[in-house]
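Sequence first, then the predicted structure:
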Amino acid sequence: MIDVSEHVYTDDPNIGHADVRTVLKDVSYFFLGNGLIQAAVQYSPQGEGTPLGLIIMDPEVLCKKRDTLTFDGDTGLENTQVKLEFENNPQAHLPRNLRVSWNHESEIPQVLARWEISDLEISEVFYCPSSHAPVLIREIAVKNLAAHDKHFALKTSTLQSSFARQVELRVRDEKRIILRYDFDKKSHAVDIVESESPLEIEAASYWKNIAALDFSNPAYHHLFNVATKQLPAVISQAGKMDASTWQYNLEWVRDQSFIIFGMTVAGHHKLAGKLLNRVINELVSADGDCVDSGEKRDPQEVELDQNGVLLYVLENYVSWTNDFDIVLQNWEKIVKIAEFPLNEIFQHESSGMFCNCRDYWERHQAHGIKDGLELMYQIFPSIGLKSAANLARKMSKNALAQRWEYHAAKLREAVLHDPKFAMVNESGFIKRLNPDGTIQEAIVPGDKSGLPDGVPLADKNRTHFLNPDTSAVLPIVLEYIAGDSEIANATLAQMELLWNQEWDIGGHGRVNVDSEADSEGPWPVASIIIAKAHVESKNYGNVSKVLEWLNTLPGALSGSWFEMYGPRIAPPYAQNGILPWAWGEILALFVHHIVGLQPKENYLRFRPRVIPGMGNIHAKLPFRNRVIDIAIEQVPETTNIQFQCDAKFFRPTADEILIPFVGSDISITAIVP
């Protein structure tokens, strides 16, 4: 049984400087990085913590916020601000009328901060100029708006280095100072050096080759851009990434796999391949067991979906990039990953499905999860085995391909049609069955669950219902069933019961709040997953509801969303962190589901599903060292989609076209309702 002590964290946000806290009122974190240096610009506008703080991290070291390289135990991030000291008033002056945003005019990710003080107008720009050096640039421009000359000292510092410069500004003059933050891996020091002239922005060549989606609706444009900018910033050059920044300091195969999918569709192919290779080689055991929370589990508490998720993402990565070397180099491990769920220890003899004591959202025996059949521990293994079979055929491993296809089909038949163990009913998909085929409706935590007071699952006056559960929509997202089927419609109707359960800020809980083992509140990643399912079912109003909600949350300005929004009980739980998985889901939502470009084995599938009111979309998507240029025009009075393409295509249904691979750039246009 999982030791509940692993859920206990000692980082107390109430001890130390206010900047220790990840959750500050209306805070936004803007992430920058290149795999060699990682940074976050903290914008805290409501008087909690440093208004404009600079957090610098080693991407290879997963740590708490208080352990980052520019954090001081006494002063937090205060000294990382730019401070001005005037001759007649030596006290350092802090920003007034501070505004922080992404610099949308830049061809690389840049954070722009503007503020004023004592008739001076200050702007600061933060960015990583290179993809190959652990360097962050901070450009500071100070303009004198006063009717007289200004004399002051400009200062800022890190733990190991400080910068001070005397500045004289005549009326209407502007002074520009360029600071270079160099991270030294050996000493773990961050030094500040003034540069005489701007650095060549070598990183621009990288960003020119990344996916670009332009929406006529700026709200959707923002969501895609913040995800594609920030996701690569939190991954080290070796492919290491915290599952939730400053929170867990751990890695999960599931989270990383969905992130790889998002990176792939957004054109970050090289980094996606590096992360994928690391997951296969370092986060999967020799026998094919995928780790969660950085741990290899007892078979009774293995997260059995992870093998299938990884194989599904691997196949999609290969389809997008044509990088089959990753399969060739890791084939023996891939076989182990595919075979692992088929181990006899997981077999439920009566149904042919898989059985253990873990649920999709990581609750386990101490939380009351009994031996049973978890929906996604059947669906993802089935999908993953089908993906593995497709890869095996490319390897001419036909016997393995047939074996995996057989088991994939067997699982699908059991889930959908078994007379006793089918995991569907009039309410849609069923999250979990007991070994006898009855529904595992509720759970009761054990006496040694370690659940703190205030957590819904710890409340003995509640019945801890398991359904509905966000994971039930994943078969719809993955097109395991048709989006317009009765099962899909019934399942999605249940999901709306998860919206605003015991809160009023909007958003879906990941589970029925009565059985939530964490604090109550909405999870952005759960809402995005549900939105993806609604796209497949053409319930576009519910998609808009989720996307509009995301843009109302604290952190929406930067596009860095917390794992959940609620009164986190920390300690004993970890502080709330920024969840990269959400960025991966946003990228998949826009590219795979809405724009609808989906590479298959020998052809491109293009099936746009544009939300009413979303407006026109122009997409440039990297594909196998080529570019797919897509123009989608939304014309409300149109009833049928009209397609044009400069390559040969087939139209199997009214909503989609299939384009055989031609080895060159392709341009596609679509007029949609």
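Everything's here; your move.

Tell me how many other residues crowd the closest residue to residue 664 other than its chain neighbours.
In space, residue 664 comes closest to residue 626 once its chain neighbours are excluded; the distance is 6.3 Å by Cβ to Cβ, 6 or more residues apart in numbering. (Each C-beta comes from the backbone N, C-alpha and C, glycine too.) Counted with other Cβ atoms under 10 Å, residues neighbouring residue 626 total 15.

mind listing the helices for the stretch 351-500 of the chain?
Along the stretch 351-500 of the chain, the segments classed as helices by DSSP state H, counting those that start in this stretch run 376-394, 398-417, 474-477, 486-495.

buried residues in the last one?
Put plainly, it is helix 486-495. By neighbour count on 16 or more other Cβ atoms under 10 Å, the buried set for helix 486-495 is 487-488, 490-492, 494-495.

closest to residue 103 among the residues you listed?
residue 495 (37.2 Å; Cβ to Cβ).

Check whether the closest one really touches residue 473, as I assumed.
Yes - shown here, residue 495 and residue 473 form a contact pair, counting by Cβ atoms under 8 Å, at 6.0 Å.

Are there residues contacting both of these two? Which ones?
Residues touching both residue 495 and residue 473 (Cβ atoms under 8 Å, 6 or more residues apart in numbering) are 530, 533.

isn't residue 490 right next to residue 427, touching?
Yes - using Cβ under 8 Å, residue 490 makes contact with residue 427 at a distance of 5.6 Å.

what bits of the chain have low per-residue confidence?
90-92, 197-199 (pLDDT under 70).

which SS state does the residue in it sticking out farthest from the centre fall under?
For the chain, the largest distance from the centre (Cα atoms, centre = their mean) belongs to residue 148, which lies 50.0 Å off. Assigned state for residue 148: coil (three-state reduction, DSSP: H, G, I helix; E, B strand; the rest coil).

gap between the residue lying closest to it once chain neighbours are set aside and residue 628?
Spatial nearest neighbour of residue 148, excluding adjacent residues (Cβ to Cβ, 6+ apart): residue 171 at 6.6 Å. Using Cβ to Cβ, to the nearest Å, one obtains 54 Å as the distance from residue 171 to residue 628.

Give me the distance between residue 261 and residue 315.
Residue 261 is 11 Å from residue 315, by Cβ to Cβ.

oh, I was asking about residue 426
34 Å.

cool, and residue 622?
Residue 622 is 18 Å from residue 315, by Cβ to Cβ.

before we move on, the earlier item: between residue 171 and residue 628, which is the more surrounded one?
When neighbours are counted by other Cβ under 10 Å, residue 171 and residue 628 differ, and residue 628 comes out ahead with 22 against 12.

wouldn't the more buried one be in contact with residue 668 here?
Yes - Residue 628 lies in contact with residue 668 (Cβ under 8 Å); the separation is 6.9 Å.

Where does the most centrally placed residue in the chain sit, in terms of helix or strand?
Residue closest to the mean C-alpha point of the chain, counted by Cα atoms, centre = their mean, is residue 581 at 2.3 Å. Residue 581 is part of helix 580-588 when elements are defined by DSSP states H and E.

elements contacting that helix?
helix 218-230, helix 253-265, helix 524-536 (3 or more Cβ pairs under 8 Å, 6 or more residues apart in numbering; DSSP states H and E).

And the next helix or strand after the second one, what does it pack against?
In this case it means helix 253-265. Later in the chain than helix 253-265, the nearest helix or strand by DSSP H and E is helix 269-282. If contacts are counted by 3+ Cβ pairs under 8 Å, 6+ apart, helix 269-282 sits against helix 253-265, helix 305-321, helix 325-329, helix 331-339.

With just CA atoms, put helix 269-282 into PDB.
Presented in PDB, the C-alpha positions along helix 269-282 are these (Å, rounded to 0.1, in the frame of the first residue of the first chain):
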ATOM      1  CA  HIS A 269       9.500  18.800 -32.400                       C
ATOM      2  CA  LYS A 270      13.100  18.600 -31.300                       C
ATOM      3  CA  LEU A 271      12.300  19.300 -27.700                       C
ATOM      4  CA  ALA A 272       9.300  17.000 -27.800                       C
ATOM      5  CA  GLY A 273      11.500  14.200 -29.000                       C
ATOM      6  CA  LYS A 274      14.100  14.800 -26.300                       C
ATOM      7  CA  LEU A 275      11.400  14.800 -23.600                       C
ATOM      8  CA  LEU A 276       9.800  11.600 -25.100                       C
ATOM      9  CA  ASN A 277      13.200   9.800 -25.200                       C
ATOM     10  CA  ARG A 278      13.900  10.700 -21.600                       C
ATOM     11  CA  VAL A 279      10.400   9.500 -20.500                       C
ATOM     12  CA  ILE A 280      10.900   6.200 -22.200                       C
ATOM     13  CA  ASN A 281      14.400   5.700 -20.800                       C
ATOM     14  CA  GLU A 282      14.300   7.200 -17.400                       C
END
